[in-house]
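J.: Here is my input, please return the structure:
(3 chains)
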Amino acid sequence: MANVRSWTLTDVAQRVFVDRLDLNPSVVAVPSEVPWAIRKRTLRGGLCDGVDIIEVDNGALSFTLVPTRGMGLWKGSYRGTFIGWQAPVAGPVNPWFVNPLDQGGLGWLKGFDECIVRCGLGSNGPPCTDVVPDNNGNPSKVNLTLHGRIANLPANRVEIQIKPGPPTELTVIGVVDESMLFCPQLRLVTRISTTVGSNRLTISDRIVNFREVADEVELLYHCNFGMPFIDKGARLVAPSLSVAPRDARAVEGLAGYDTYLGPTPGYVEQCYWHDLAAGSDGMTLAMLRNSDGDNGVVLRYPKAQLPCFTQWKNTVGEREGYVTGMEPGINLPNPKTFEREKGRVVVLQPGASYSSDLTLEIHDQAEGVAAVEAEVASLLAGRKTVVHPRPIATWSPGA
Amino acid sequence: MANVRSWTLTDVAQRVFVDRLDLNPSVVAVPSEVPWAIRKRTLRGGLCDGVDIIEVDNGALSFTLVPTRGMGLWKGSYRGTFIGWQAPVAGPVNPWFVNPLDQGGLGWLKGFDECIVRCGLGSNGPPCTDVVPDNNGNPSKVNLTLHGRIANLPANRVEIQIKPGPPTELTVIGVVDESMLFCPQLRLVTRISTTVGSNRLTISDRIVNFREVADEVELLYHCNFGMPFIDKGARLVAPSLSVAPRDARAVEGLAGYDTYLGPTPGYVEQCYWHDLAAGSDGMTLAMLRNSDGDNGVVLRYPKAQLPCFTQWKNTVGEREGYVTGMEPGINLPNPKTFEREKGRVVVLQPGASYSSDLTLEIHDQAEGVAAVEAEVASLLAGRKTVVHPRPIATWSPGA
Amino acid sequence: MANVRSWTLTDVAQRVFVDRLDLNPSVVAVPSEVPWAIRKRTLRGGLCDGVDIIEVDNGALSFTLVPTRGMGLWKGSYRGTFIGWQAPVAGPVNPWFVNPLDQGGLGWLKGFDECIVRCGLGSNGPPCTDVVPDNNGNPSKVNLTLHGRIANLPANRVEIQIKPGPPTELTVIGVVDESMLFCPQLRLVTRISTTVGSNRLTISDRIVNFREVADEVELLYHCNFGMPFIDKGARLVAPSLSVAPRDARAVEGLAGYDTYLGPTPGYVEQCYWHDLAAGSDGMTLAMLRNSDGDNGVVLRYPKAQLPCFTQWKNTVGEREGYVTGMEPGINLPNPKTFEREKGRVVVLQPGASYSSDLTLEIHDQAEGVAAVEAEVASLLAGRKTVVHPRPIATWSPGA
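T.: Numbering: from 1, shown residues only, chains lettered A, B, ... in the order given. Below is the predicted model of the structure:
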């Protein structure tokens, strides 16, 4: 087995912090046919001031990770094709500038411009009031804000690992604590890996409850893509056993739930819940492909880890956030109180952990896109998608 | 036409950031009889930690601009005379330390120590509850906080331009976005210019709605001055066609609305609304002059751009914020809901913009002050100021 | 008298900021038998990013002060014995990451991991709604949040003083303003001193009302200790004339109020209020000692300055914040409205100040611990502690 080499970029406990780092085959003396690179920078100015980023370029696929924003994946590129979306925010935004309580609990949106952002760990979904024990053990009301805390917490440990190949594997490890006295104490340990020259990366997360009482976890990967993966006529290709609209607004678009409009100023978001089929290996997938069928972005993951899938359509004007989200999760992004009632909130015992693995895969050729479509068809094995005409009670509050 | 030379200090999109810069005639090789200077610094420590400032000194008038605080004008000096006020806050304060929701929605005050600070762009005035569409298009309640967001947002683009003269013109350009998904997306593009050796500077602002639906704008320039421009017997000299007290407290001081007390511990603020006369060129002005009449600070601007004028008297103790504000605005600093009802909220169509130009002019000789008084008299052309004895319904909620 | 030498680390008004400093006997050319040291650093990464710390090591006792967090004392060590506690937060946490309004007003806990943290200055205790005059002099509701603002405000002036001995005295001075327009304007001026080779440090605070109207002050020193000062069987040794439980939960543990459990996952905090005896010199003290009686941490202070004493027991699991607090204060950590009613809120006239002095002393030998126990017994002079069986009306709301 090849020797793994590692570089610690941040370790708060040990007072380690590397402001700037450049790794590549010649620097690390690992011969490689493909000229990969890893760069660490700290941004300055505007809303990005003080944000640490790590740019990983495997020679074909490149992507930017943001330790300062809970180890989210900001944007990427595959052989020149942009991966992500154009948010109306010039990020990545330092959490200093994000007050989740703003705008009626929607303040999280002030920092939202990532391609992949985790929603959680204690809660996600829209703002709601929850009742939790306070420091005296008495029930107390707290305002849960949109999509929880994890995206606005910095990593207190960041490490880079390089495992010489072929294929050489590039890994970034981050540790983010969502914790405070008297409250849930959850630790995210993430490994984000890619192999040199490949069209994919894998996010392997472990959430640890390091408190000594049981606590709840919600988790959703908000994976967001604009052009060129969506355009007029783009489609979501997924092995959906059933689909339901989230609400009355989603009912309006139900007939074309799996296709996309071009930029449509004034469009109001539509959400659909999906139950996806998994293969005998437990794996499922979903692909967003453009109208021409020559660009596709695919998510692959074990369905048992992330049983819920949300499709978020937000085909507003191009400058104001034309985007769609594919969102695998432990739960649906409903108020936590509803998800708890429906049994979709995970309870972690003291010291226990929850693992999930999510692969992002890019295709920029019609052959690749067609092959994934065939995979989806094969997973469905002829079963037809049940499309619920109205929101259903299991998935939608008030349905 | 002379060649304009420019230096980019911040450009988040291009990852440009200049931590420190010193420009002067010899550095830029522009001969000048007057030794002007521009300095960029990043402050460290206390509430100022991480704040970027640009100090512009035209040889007579100097002033400090704060990209980190929405391109506000912190303090200045004219031939040794201090311009600004002594706030009970040791700023300029980094927005990190300002939570607008604090203190019942008055948290903005934690960062308030500028000479000229914009209030807006989506709203200004006291905290109130507004109803806006949420991401689902449903009406939702949001807490508008004191004087809005713009003063606590950093510029994501900053540039310096020097246009060799004579007279040489020094300009600082800044771009600040007040935006988030599902919400107003307003961009402030400001040019702040002065010519070498002059007693004035001009702030030229353009607010662009870069969202693809129509949105609302409020804007007010909170221009604040302490000693030596106010003292016991100082006066506001303005071509007021009419004046009304804001509320019962202002009625108490109505007889002397245009004169100032000396420092008065325990004083409670008084506000007066003015309708100012404009000249045939559309320009209006207002001056604050000290009791001796040898110090005067003047605002000049097209009345059509900023039709409202608020006079804020806060002659409390010297150490706790002895100050008065001259506040030209699109609107009055009332709750936004009231201003909307009165038609004083601007609606910008997609891609449209709103421009305003405000000149600050300083006089430190009796002749200059007297000349401005004559100008004001000439604008009024013998018309007498109508002083409303009580708050009036057009301007004051509940009147 | 020996010459005091001083180094200014931060002075916002003068734009002084020292990023890094190392002082020791050879650097400052003050001969010393004991190799003391003072180090200034700015931390990077995680929640500590941008936090200034000053490490003082007198050769036996070392401790870390945090200018960025209101001059709190983070952690310490005495001849190898750890002083402080293991909070579930990887601090010291930059106030940027702390929104006091979070979690129903308990957001302060997101930054709470210090050994000694001041609660105040305008208020402390649990979140409550208070009514204060707004800028118009009208009564307005404000949300007071847990333990007030001071711990999340940075010092705008920091200085180190060395007074050559023997014994050489090491002092850190900090100035922190808790102020804003229309609101209380309180200044904390703190001197934290230790003599080389000693087992103690003294915090001398002065709170100045620099507003020109009278204002209120609350202050409590939240002094927190985990292992090795508490363990199963550890005891609080204090000259308590009377003790009362805070609430029903505290009644449950009343029989053993002065002894501690080992780590107990699921434990809910218990608080006891104490009235301590003072000596003829006005001094009182309290000690926490471990079960073996060979580790003790002592607080000493004039009772007239800090008449109230709170004992906070939080013997939860080891990883989640096993800790107890000894909390001398001007007031008890009840809602400010209750403390005001009971006359325990100090009113400072304009320009007036309030002083308090608190000494922390460490013993790591049985002899030292026993001697303090004898001191406590001597202060009580045979008087028995009155233990109230239930919360009492003077000290507990709703009792």
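
J.: Flag every buried residue along the longest helix seen in chain A.
T.: In chain A, assigned by DSSP state H, the helix with the most residues is helix A:366-380. In terms of neighbour count (16 or more other C-beta atoms under 10 Å in any protein chain shown), helix A:366-380 has its buried residues at A:368-369, A:372-373, A:375-376, A:379-380. Any C-beta I mention is one placed from the backbone N, CA and C, and that applies to glycine too.

J.: Flag every residue of the stretch 101-250 of chain A that's near chain B.
T.: A:101-104, A:106, A:109-110, A:112, A:247, A:249 (C-beta under 8 Å from any C-beta of the partner chain).

J.: Could I get those residues in a markdown table, plus columns for pLDDT?
T.: What follows is those, written out as a markdown table (pLDDT from 0 to 100):
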| residue | pLDDT |
| --- | --- |
| A:Leu101 | 94 |
| A:Asp102 | 92 |
| A:Gln103 | 90 |
| A:Gly104 | 89 |
| A:Leu106 | 94 |
| A:Leu109 | 97 |
| A:Lys110 | 97 |
| A:Phe112 | 98 |
| A:Asp247 | 97 |
| A:Arg249 | 96 |
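
J.: what's the pLDDT at the residue of chain A found nearest chain C?
T.: Among the residues of chain A, A:Glu212 lies nearest to chain C; the distance is 2.9 Å by C-beta to the nearest C-beta. For A:Glu212, the model assigns a pLDDT of 93.

J.: Also A:Met1?
T.: pLDDT recorded at A:Met1 is 47.

J.: Then A:Ala29?
T.: 87.

J.: and it, how many neighbours?
T.: Burial of A:Ala29 is recorded as 8 neighbouring residues (other C-beta atoms under 10 Å in any protein chain shown).

J.: quick one: low-confidence ranges for chain A?
T.: Low-confidence regions of chain A, defined here as pLDDT under 70, cover residues A:1-2.

J.: Just send the buried residues of helix A:366-380 back as a markdown table, with distance to chain C too.
T.: As requested, the buried residues of helix A:366-380 are exported to a markdown table (distance: C-beta to the nearest C-beta, whole Å):
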| residue | distance to chain C |
| --- | --- |
| A:Gly368 | 39 |
| A:Val369 | 41 |
| A:Val372 | 39 |
| A:Glu373 | 43 |
| A:Glu375 | 41 |
| A:Val376 | 41 |
| A:Leu379 | 41 |
| A:Leu380 | 44 |
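
J.: how about the residue of chain A closest to chain C, what does it touch?
T.: Residues counted as contacts of A:Glu212 (C-beta atoms under 8 Å, 6 or more residues apart in numbering or on different chains) are A:350-351, C:263, C:265-266, C:316-320.

J.: So which of those residues is the closest to B:Pro95?
T.: The shortest distance between B:Pro95 and any of the contacts of A:Glu212, using C-beta to C-beta, involves C:Glu320 and amounts to 33.2 Å.

J.: distance of the closest one from chain A?
T.: In this view, C:Glu320 and chain A are 5 Å apart by C-beta to the nearest C-beta, to the nearest Å.

J.: need the buried residues of helix A:366-380 in a markdown table with distance to C:Val217, can you?
T.: A markdown table is the format used below for these (distance: C-beta to C-beta, whole Å):
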| residue | distance to C:Val217 |
| --- | --- |
| A:Gly368 | 69 |
| A:Val369 | 68 |
| A:Val372 | 67 |
| A:Glu373 | 70 |
| A:Glu375 | 69 |
| A:Val376 | 67 |
| A:Leu379 | 68 |
| A:Leu380 | 70 |
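
J.: Tell me the one among those residues nearest to B:Trp395.
T.: Closest approach between those and B:Trp395, by C-beta to C-beta: A:Val369, at 62.3 Å.

J.: measure that closest one to chain B for me?
T.: If you go by C-beta to the nearest C-beta, the gap between A:Val369 and chain B works out to 28 Å.

J.: returning to what we had before: now tabulate the residues of the stretch 101-250 of chain A next to chain B in JSON lines and tack on distance to C:Pro127 and secondary structure.
T.: Formatted as JSON lines, the entries for these read as follows, by distance: C-beta to C-beta, whole Å; DSSP: H, G, I helix; E, B strand; the rest coil:
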{"residue": "A:Leu101", "distance to C:Pro127": "14", "secondary structure": "coil"}
{"residue": "A:Asp102", "distance to C:Pro127": "19", "secondary structure": "helix"}
{"residue": "A:Gln103", "distance to C:Pro127": "22", "secondary structure": "helix"}
{"residue": "A:Gly104", "distance to C:Pro127": "20", "secondary structure": "helix"}
{"residue": "A:Leu106", "distance to C:Pro127": "23", "secondary structure": "coil"}
{"residue": "A:Leu109", "distance to C:Pro127": "26", "secondary structure": "helix"}
{"residue": "A:Lys110", "distance to C:Pro127": "24", "secondary structure": "helix"}
{"residue": "A:Phe112", "distance to C:Pro127": "28", "secondary structure": "coil"}
{"residue": "A:Asp247", "distance to C:Pro127": "34", "secondary structure": "coil"}
{"residue": "A:Arg249", "distance to C:Pro127": "37", "secondary structure": "helix"}
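
J.: out of these, who's near chain C?
T.: Cross-checking these against chain C (C-beta under 8 Å from any C-beta) gives A:Leu101 as the overlapping residues.

J.: Can you tell me which of the residues of the stretch 101-250 of chain A next to chain B is nearest C:Val346?
T.: Taking C-beta to C-beta as the measure, A:Leu101 is the one of these closest to C:Val346, at 31.2 Å.

J.: quick one, strands of the stretch 101-250 of chain A?
T.: A:116-121, A:128-133, A:139-144, A:157-163, A:169-179, A:185-195, A:200-209, A:215-225, A:235-237, A:240-245 (DSSP state E, counting those that start in this stretch).

J.: just those strands: most buried one?
T.: Each of the strands of the stretch 101-250 of chain A was given a mean neighbour count from mean count of other C-beta atoms under 10 Å in any protein chain shown, and the largest, a mean of 27, is that of strand A:116-121.

J.: Quick one: distance of it to the chain centre.
T.: The chain centroid and the centroid of strand A:116-121 are separated by 6 Å under C-alpha atoms, centre = their mean, to the nearest Å.

J.: Send me it as CSV with only the CA atoms.
T.: Provided in CSV are the C-alpha atoms of strand A:116-121 (Å, rounded to 0.1, in the frame of the first residue of the first chain):
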residue,chain,number,x,y,z
ILE,A,116,-22.8,21.8,-2.5
VAL,A,117,-23.8,23.0,1.0
ARG,A,118,-24.8,20.8,3.9
CYS,A,119,-28.0,21.8,5.7
GLY,A,120,-27.9,20.6,9.4
LEU,A,121,-26.6,19.2,11.6
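
J.: what does it rub up against?
T.: Surrounding strand A:116-121, the residues in contact under the criterion C-beta under 8 Å, 6+ apart are A:69-73, A:125, A:147-151, A:178, A:184, A:186, A:188, A:203, A:205, A:207, A:217-224, A:329, A:333, A:360.

J.: from the stretch 251-399 of chain A, which residue is nearest to chain B?
T.: Residue nearest to chain B within the stretch 251-399 of chain A: A:Gly317 (2.9 Å; C-beta to the nearest C-beta).

J.: possible to save the contacts of A:Glu212 as JSON lines with neighbour count?
T.: Converted to JSON lines, the contacts of A:Glu212 look like this (neighbours: other C-beta atoms under 10 Å in any protein chain shown):
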{"residue": "A:Pro350", "neighbour count": "17"}
{"residue": "A:Gly351", "neighbour count": "12"}
{"residue": "C:Pro263", "neighbour count": "19"}
{"residue": "C:Pro265", "neighbour count": "16"}
{"residue": "C:Gly266", "neighbour count": "12"}
{"residue": "C:Val316", "neighbour count": "24"}
{"residue": "C:Gly317", "neighbour count": "21"}
{"residue": "C:Glu318", "neighbour count": "15"}
{"residue": "C:Arg319", "neighbour count": "16"}
{"residue": "C:Glu320", "neighbour count": "25"}
